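**Student:** Generate a structure from the sequence data that follows.
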Amino acid sequence: MSGIEDPRPLLRRGTDGMSTLVERVSPERLAAPTPCTEFDVRGLLEHVLTMTLSYVHLGEGAVDSDDAEAAPVHVDDRQWPTAYREAAERLDKAWAEAASLERSMSMPWGAVDGRGALLGCLLDTVTHSWDLARALGTTVAPDEELAATTLEVAREIMPAERRGGATPFAPVRPVSEDAPASTRLAAWLGRDPEWTPERSG
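**Tutor:** You can find the predicted model right below:
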């Protein structure tokens, strides 16, 4: 899948970027809307943390995404940066052995090896970083090189025709071909590329 031999360095860049954004979340912003319309900022952070911990469980030996699913998290309003940073560190440790990339796993998009599973984690992490950055109105620049790589992964894992039903993504949104890679990634996964907090209502 995608020709990426080792997704771990890419994923580490993704979790580093997410950590930078989570550091900027004040308690007052937790109820703010996000481009991932089913979540406010708190709900998005809960989803991202739970997702990250599920991939920790896969790295630690689980072979089915259903068995690896983490319990819902409950975090004090001021502890989100610490909670996410610790989860990202656990993720690194869980996948530290190269052999973990070769294990067979069952994911919602099919049977893959550990390499393919981590690409799913990369996709979620980078996409939700865009969601969080837009929700916060931050000036932190996206990692566009990472976003471009993740867009390639998204087109493979989540093709345009695979929408609706149990698939948690809306249809692909139109966006200029010369738009930033992070914006094209968001549009590919059904986000409004022009979303702002002011337009969310």
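**Student:** what about residue 52, how many neighbours?
**Tutor:** 24 (other Cβ atoms under 10 Å). From N, CA and C alone the C-beta is placed, and that goes for glycine too.
**Student:** Over to the one 4 residues further on?
**Tutor:** Residue 56 has 22 neighbours, counted by other Cβ under 10 Å.
**Student:** got the contact list for it?
**Tutor:** Residues in contact with residue 56 (Cβ atoms under 8 Å, 6 or more residues apart in numbering) are 70, 87, 90, 91, 94.
**Student:** What of residue 27?
**Tutor:** 77, 78.
**Student:** out of the contacts of residue 56, which one sits closest to residue 152?
**Tutor:** Nearest to residue 152 among the contacts of residue 56: residue 91, at 21.7 Å, using Cβ to Cβ.
**Student:** Could you give the backbone dihedrals for the closest one?
**Tutor:** phi -60, psi -50 (degrees, to the nearest 10).
**Student:** Ignoring the adjacent residues along the chain, who's closest to it?
**Tutor:** What sits nearest to residue 91 in space, not counting adjacent residues and going by Cβ to Cβ, 6 or more residues apart in numbering, is residue 56, at 5.3 Å.
**Student:** host element of the one you found?
**Tutor:** Per DSSP states H and E: residue 56 is located in helix 41-59.
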